[in-house]
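Q: okay, structure incoming, though there's no sequence with it:
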């Protein structure tokens, strides 16, 4: 991934990190199950979005990258998407 496409991914991951810290604090403080699960769902969605962004960037690079890195095959890209499903 190039630096430009990495920035939004890092932002999403940092946001998820903050949300996860909040979930941990909620559990430690005995917050209601519904509140904890709601926040945990938000963390999960943030991580999924970061993962999809990484895979999408990989697809874009695969199509446009002329570097020495071997391109990802369609099967490999499909497998990456399925790991996030």
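A: The structure has been received and is ready for your questions. Computed from a predicted structure; not experimentally measured. Numbering: from 1, shown residues only.

Q: give me the neighbour count for residue 50.
A: By other CB atoms under 10 Å, the residues close to residue 50 number 20. Where C-beta positions appear, they are placed from N, C-alpha and C, glycine not excepted.

Q: please apply the same query to residue 37.
A: Close neighbours of residue 37, defined as other CB under 10 Å, add up to 12.

Q: give the contact list for the residue sitting nearest the centre point of the chain.
A: Centroid check for the chain by CA atoms, centre = their mean gives residue 50 as the closest residue, at 2.4 Å. Under the criterion of CB atoms under 8 Å, 6 or more residues apart in numbering, the contact partners of residue 50 comprise 9, 12-13, 16.

Q: where does pLDDT dip in this structure?
A: Counting by pLDDT under 70, the chain contains low-confidence residues at 1-2, 58-72, 85.

Q: any idea what sits nearest residue 46, other than its immediate chain neighbours?
A: Nearest residue to residue 46 in three dimensions, chain neighbours excluded: residue 16, at 3.8 Å (CB to CB, 6 or more residues apart in numbering).

Q: from what I can see that neighbour touches residue 39, true?
A: No - counting by CB atoms under 8 Å, residue 16 stays clear of residue 39, with 10.9 Å between them.

Q: intersection of neighbour lists for those two?
A: The overlap between the contact sets of residue 16 and residue 39 (CB under 8 Å, 6+ apart) is empty.

Q: ok, now how distant is the residue nearest to the centre of the chain from residue 78?
A: Residue 50 sits 19 Å away from residue 78, going by CB to CB, to the nearest Å.

Q: what's the answer for residue 46, then?
A: Separation of residue 46 from residue 78 (CB to CB): 23 Å.

Q: and these two? Which one has more around it.
A: The residue with more neighbours, out of residue 46 and residue 78, is residue 46; 20 against 12, by other CB under 10 Å.

Q: got TSV for the contacts of residue 50, with secondary structure, distance to residue 26 and neighbour count too?
A: Rendered in TSV, the data for those read as follows (DSSP: H, G, I helix; E, B strand; the rest coil; distance: CB to CB, whole Å; neighbours: other CB atoms under 10 Å):
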residue	secondary structure	distance to residue 26	neighbour count
9	helix	26	17
12	helix	21	20
13	helix	20	17
16	helix	15	19
